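Participant: Return atomic coordinates for the entry below.
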Amino acid sequence: MNKNILIVEDEKELALIIGKSMEDDGFNVKIAHDGDKAMEIFYDDKPDLVLLDINLPKKNGWEICKEIRAVSNIPVIMMTARDSELDEIQGLELGADDYITKPFSLKLISVKVKKLLKLERDTFFRIKDLTFDFKSYILTIDGETIDLSRREAHALEYFFKHKGIILSREILLNEIWGFDFFGDERAVDTLIKRLRKKLGKYSDYIKSIRGVGYVFNENQN
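Facilitator: Next up, the predicted model:
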């Protein structure tokens, strides 16, 4: 893989945990604990992607993101402990490609990093006689093509690429409807109901997590 990741995080233990996870995935990792060091590594090592915390000494994440965007289009994922929609919007307006809110799973970081670096090699998702083509958005079950709306196809794609990860209704709204959607979270429940009907014998793979959201789990037990 040989892709270089810069992790900018002032919590040293957390930075080491994320770094070890990235190295296990085959990435080369550099870590900075403050804004000045982050920019020094950025200019010297030219990383392929930056995982960027917001609250940092010397220079905060907003400033770093803005400076990076002035000279580079490399992917930037903002990391924040704040559960604030304004933080997410500000990061995206400054040019961040994605965001993740603490606490987060290491698997979710890995998925987001690989997606932005276009390292996903599989173009199909398969379970037994269910096949989903990520390029054409065609779902087949028992050799029969299942008609999907564009939003249903996007939702299935997101579930398949994040299988085993609990996804809140808020995350699903943002990823499937977009950040500018101002509807009710019940729209997610309605969409899931339609998807389960179309999945037929595989409907139980989309499991409800009470009070949180949903998870796609291949284990039906």
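Participant: immediately after the helix or strand bottoming out on mean pLDDT in the chain, which helix or strand?
Facilitator: In the chain, no helix or strand scores lower on mean pLDDT, DSSP states H and E than helix 85-93, which sits at a mean of 57. As assigned by DSSP states H and E, the chain's next helix or strand after helix 85-93 is strand 98-101.
Participant: Just checking: what are the partner strands of that next one?
Facilitator: Strand 98-101 has these partner strands in its sheet, going by DSSP bridges: strand 76-80 (parallel).
Participant: And for residue 107, nearest residue in space, chain neighbours not counted?
Facilitator: residue 165 (6.1 Å; Cβ to Cβ, 6 or more residues apart in numbering). Placement of C-beta: from N, CA and C, glycine included.
Participant: and the one you found, what pLDDT?
Facilitator: pLDDT for residue 165: 89.
Participant: Tell me how far the strand or helix carrying residue 155 lies from the chain's centre.
Facilitator: According to DSSP H and E, residue 155 maps onto helix 150-161. Centroid separation for helix 150-161 versus its chain: 13 Å, with Cα atoms, centre = their mean, to the nearest Å.
Participant: still on that earlier bit, ok but the residue nearest to residue 107 is inside a helix, no?
Facilitator: No - per DSSP: H, G, I helix; E, B strand; the rest coil, residue 165 lies outside any helix segment and is coil.
Participant: Give me the distance between it and residue 126.
Facilitator: Going from residue 165 to residue 126 by Cβ to Cβ, to the nearest Å gives 19 Å.
Participant: Counting neighbours, go ahead and name the busier of those two.
Facilitator: residue 165 (17 against 11; other Cβ atoms under 10 Å).
Participant: Surely that one and residue 108 touch.
Facilitator: Yes - between residue 165 and residue 108 there is a contact under Cβ atoms under 8 Å: 5.6 Å.
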